[in-house]
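Peer 1: quick one, structure for this:
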Amino acid sequence: MSPLSLLFSKLKRPSLFNRSSYERSWGAADACLPAVDHVHFQAEFYQRTDQSQQGVGEYIQGWEEDEMFYVDLEKKETVWRLPKFGEFASFDAQGALSNNAILKNNLEILIKRSNHTRAQNVPPEVTVFPEDPVELGDPNILICFVDKFFPPALSVTWLRNGQEVTEGVSETDFYPCQDGSFRKFSYLPFIPRQDEVYDCRAHHEGLEPQVPTPVPETTETLVCALGLAVGIIGIVVGTILIIKGMKMNATRNPRGPL
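Peer 2: As a prediction, this is how the structure comes out:
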């Protein structure tokens with residue numbers, strides 16, 4: 001991947017009841033914020049590779065650590081995290097488009113003045129878990145949580161028994177963390193069936209090849225969630241194994257019917 005240039009802006013209002021106090025930072029931590037009960041945040045960035053004139057941007061607002069909405073910069077519209085929010089509030093997407101244009105212009109100026117020293121890539125951590133307790137045959141949702149990575153240039157792929165799955169898949173934008181890293185969620189609706197394997201693969205430039213972690217033979221739960229790193233540069237995998245409880249060790253440690 002070509003070197004990536006990123007300009008990140010974050011605005012935090014420590015309290016909705018004290019709008020005169022705020023911090024504006026460029027990917028900085030929040031150590032200088034006063035102790036408050038509630039935080040409303042606005043985060044936006046624009047980035048592109050050095051070899052491309054086409055970049056991508058993002059604009060989101062949230063309450064505490066949860067997203068309220070983001071602006072689809074291509075469709076030029078506000079997208080609420082929960083549609084119900086849009087019934088009680090509104091946001092003009094034009095404001096986000098204007099801010100993104102300013103970030104783009106500022107980034108071009110900084111690139112011309114830069115010595116093009118590459119920032120350190122931080123690889124993601126991947127965790128996979130079900131939305132609800134798993135019961136064979138009952139519809140559920142798998143959640144892939146990709147955390148603590150930088151820069152916000154990452155793709156997620158779902159596989160079932162080694163085959164890519166795209167139907168029903170949805171994901172969030174990149175959420176900024178207090179330490180300057182990012183996180184992202186991806187969702188896959190599924191119906192649990194015995195002996196199926198689901199993989200969530202996160203592709204990121206900061207990853208290095210590692211040895212996969214073996215599945216323990218003493219697995220007792222219906223769902224075994226593993227964070228696995230595979231020997232392929234740029235990919236980290238979270239895996240869900242749908243198994244029958246006590247299948248592997250029932251003969252060694254009988255406890256009666258499940």
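
Peer 1: can you give me the strands in the stretch 51-200 of the chain?
Peer 2: 56-63, 66-72, 77-80, 125-130, 140-149, 155-160, 163-165, 170-171, 175-176, 182-190, 197-203 (DSSP state E, counting those that start in this stretch).

Peer 1: and Asn105, which of these is closest to it?
Peer 2: In terms of CB to CB, the element of the strands of the stretch 51-200 of the chain nearest to Asn105 is strand 56-63, at 11.9 Å. Yep, even glycine has a C-beta here, placed from its N, CA and C like the rest.

Peer 1: what angle do the closest one and strand 66-72 make?
Peer 2: Angular relation of strand 56-63 and strand 66-72 on a 0 to 180 degree scale: 150 degrees, by axes from the mean of the first three to the mean of the last three CA atoms, to 10 degrees.

Peer 1: contact partners of strand 56-63?
Peer 2: With CB atoms under 8 Å, 6 or more residues apart in numbering as the test, strand 56-63 has contacts from 38-48, 67-71, 73, 91, 96, 99-100, 103-104, 152, 173-175.

Peer 1: in PyMOL, how would I select the buried members of the residues you listed?
Peer 2: A single PyMOL command selects the buried members of the contacts of strand 56-63 (16 or more other CB atoms under 10 Å):
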select buried, resi 39+40+41+42+43+44+45+46+47+48+67+68+69+70+71+73+91+96+99+100+103+152+173+174+175
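
Peer 1: among the contacts of strand 56-63, which are located in helices?
Peer 2: 96, 99-100, 103-104 (DSSP state H).

Peer 1: can you pull out the low-pLDDT segments for the stretch 151-258 of the chain?
Peer 2: Low-confidence segments of the stretch 151-258 of the chain (pLDDT under 70): 208-258.

Peer 1: return the per-residue confidence for Glu67.
Peer 2: With respect to pLDDT, Glu67 scores 87.

Peer 1: same question for Pro130.
Peer 2: 91.

Peer 1: can you tell me how far the residue nearest to it when sequence neighbours are not counted is from Arg81?
Peer 2: In space, and not counting its chain neighbours, Pro130 is closest to Asn140: 5.2 Å by CB to CB, 6 or more residues apart in numbering. Distance of Asn140 to Arg81, given as CB to CB, to the nearest Å: 21 Å.

Peer 1: now the ones in helices among the contacts of strand 56-63 as a markdown table including distance to Gln61 and pLDDT?
Peer 2: Output for these, formatted as a markdown table (distance: CB to CB, whole Å; pLDDT from 0 to 100):
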| residue | distance to Gln61 | pLDDT |
| --- | --- | --- |
| Ala96 | 9 | 92 |
| Asn99 | 11 | 90 |
| Asn100 | 14 | 90 |
| Leu103 | 16 | 89 |
| Lys104 | 20 | 89 |
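
Peer 1: ok, those vs Leu207, which is closest?
Peer 2: Closest to Leu207 out of the ones in helices among the contacts of strand 56-63 is Leu103 (27.2 Å), distances taken as CB to CB.

Peer 1: how about that closest one, nearest residue that isn't a chain neighbour?
Peer 2: Excluding the flanking residues, the one nearest Leu103 by CB to CB, 6+ apart is Tyr46, at 4.0 Å.
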